[in-house]
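In: have a look at this prediction, sequence included:
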Amino acid sequence: SGARGEAEQREERPVVLVVFVGGCTYAEVSALRWISRRPGASRRYMVLTTHMCSGTSLMAELIDKVENNLAFGPAGSAA
């Protein structure tokens, strides 16, 4: 049947392991899913990451680093 045929076709595709060291966003994982689901896609993707972050958490971390650098000066020295 259609569902079974699609499942078997999915299993025949090679799997690519994508490793993100330092984390990745949900958008990056979503892009890999989209690529994998396109008609004629020849591969499936599995994601391995050290950390998942959203756009909000990524911006919060960057802002925190900028504020800390301003408070301590270059190379962590006291201002």
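Out: Perfect, I can see it now.
In: could I get the longest helix along the chain in CSV with only the CA atoms?
Out: Longest helix in the chain, counting residues (DSSP state H): helix 55-72. The C-alpha trace of helix 55-72 is given here as CSV (Å, rounded to 0.1, in the frame of the first residue of the first chain):
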residue,chain,number,x,y,z
GLY,A,55,16.4,32.4,18.8
THR,A,56,15.4,33.9,22.1
SER,A,57,18.0,31.9,24.1
LEU,A,58,20.7,32.6,21.5
MET,A,59,20.1,36.3,21.6
ALA,A,60,20.0,36.3,25.5
GLU,A,61,23.4,34.6,25.6
LEU,A,62,24.9,37.0,23.1
ILE,A,63,23.6,40.0,25.0
ASP,A,64,24.9,38.6,28.3
LYS,A,65,28.4,38.2,26.7
VAL,A,66,28.4,41.7,25.4
GLU,A,67,27.3,43.1,28.7
ASN,A,68,29.9,41.1,30.6
ASN,A,69,32.6,42.3,28.2
LEU,A,70,31.5,45.9,28.7
ALA,A,71,31.6,45.5,32.5
PHE,A,72,35.1,43.8,32.6
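In: show me what the mean pLDDT comes to for it.
Out: Helix 55-72 shows a mean pLDDT of 80.
In: what residues sit buried inside that helix?
Out: By neighbour count with 16 or more other C-beta atoms under 10 Å, helix 55-72 contains no buried residues. For glycine as for every other residue, the C-beta is placed from the backbone atoms N, C-alpha and C.
In: centre of the chain versus that helix, how much separation?
Out: Remark: helix 55-72 is offset 20 Å from the chain centroid, using C-alpha atoms, centre = their mean, to the nearest Å.
In: which strands and helices sit next to that helix?
Out: In terms of contacts (3 or more C-beta pairs under 8 Å, 6 or more residues apart in numbering; DSSP states H and E), helix 55-72 is not packed against any helix or strand.
In: please begin residue numbering at 31 from this point
Out: In the new numbering, first residue 31, that becomes helix 85-102.
In: grab the nearest non-local neighbour of Tyr56.
Out: Distances taken as C-beta to C-beta, 6 or more residues apart in numbering put Ser84 closest to Tyr56, at 6.1 Å, once the chain neighbours are dropped.
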